[in-house]
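Undergrad: Just to be clear, the model below is a prediction. Sequence and coordinates:
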Amino acid sequence: MIMRLVRGAALDSLKRYALVEAEAPRSYVRQLARYRAVLGAIYQLECDFGRSREAGCTPPGTANGAGAQGPGQFLPSTWAECCEGDPSVARDAIMGAAVYLVQRGAPTDMQAALNKRI
């Protein structure tokens, strides 16, 4: 599903949502800069770039029935394992997604990184 969304995603879709590359000097975010369409597709799928009114997406600080929260719909256990900051803050959540993907094989094997469960 995500790979289908990536093909249709605009390359600048993530920049409209949060300016990650400009604010984050972390090497894993720079590595994934060319894959911003993948990150954009994830955020479109999860919370429609912050426009979704579903629990966990809006308002910030809420969780859905599974406990996922923020624009990236991170479970607290996943967030604690790979991320820093607040999962309800777009910049933190996008950087968290970049870390999560790199820890699972991106950008070398993006398909495996998207499908690997923890």
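TA: Everything's here; your move. Numbering: from 1, shown residues only.
Undergrad: Tell me how far E81 lies from G96.
TA: According to CB to CB, to the nearest Å, E81 stands 10 Å off from G96. To be clear about C-beta, it is placed using only N, CA and C from the backbone, and glycine gets the same treatment.
Undergrad: Looking at the two, which has the bigger crowd around it?
TA: More neighbours surround G96 than the other of E81 and G96, with 22 against 13 (other CB atoms under 10 Å).
Undergrad: Now name the helix or strand holding that one.
TA: G96 is part of helix 90-103 when elements are defined by DSSP states H and E.
Undergrad: Average pLDDT for the helix or strand just after that helix, rounded please.
TA: Per DSSP H and E, helix 90-103 leads on to helix 110-115 as the next helix or strand towards the C-terminus. Mean pLDDT, helix 110-115: 86.
Undergrad: So what touches helix 110-115?
TA: Defining contact as CB atoms under 8 Å, 6 or more residues apart in numbering, one finds that helix 110-115 is touched by 2-3, 35, 38, 101-102, 104-107.
Undergrad: farthest-separated two in those?
TA: M3 and V102 (17.8 Å; CB to CB).
Undergrad: Which one's more surrounded, those two?
TA: V102 (19 against 12).
Undergrad: Per-residue pLDDT of that one, please?
TA: Looking at V102, its pLDDT is 82.
Undergrad: Likewise for V29?
TA: V29 is assigned a predicted lDDT (pLDDT) of 60.
Undergrad: One more: A97?
TA: pLDDT, A97: 88.
Undergrad: hang on, the earlier thing: now the contacts of helix 110-115 as a markdown table including distance to R53?
TA: Putting the contacts of helix 110-115 into a markdown table (distance: CB to CB, whole Å) gives the following:
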| residue | distance to R53 |
| --- | --- |
| I2 | 22 |
| M3 | 27 |
| Y35 | 28 |
| V38 | 25 |
| L101 | 27 |
| V102 | 31 |
| R104 | 30 |
| G105 | 34 |
| A106 | 30 |
| P107 | 33 |
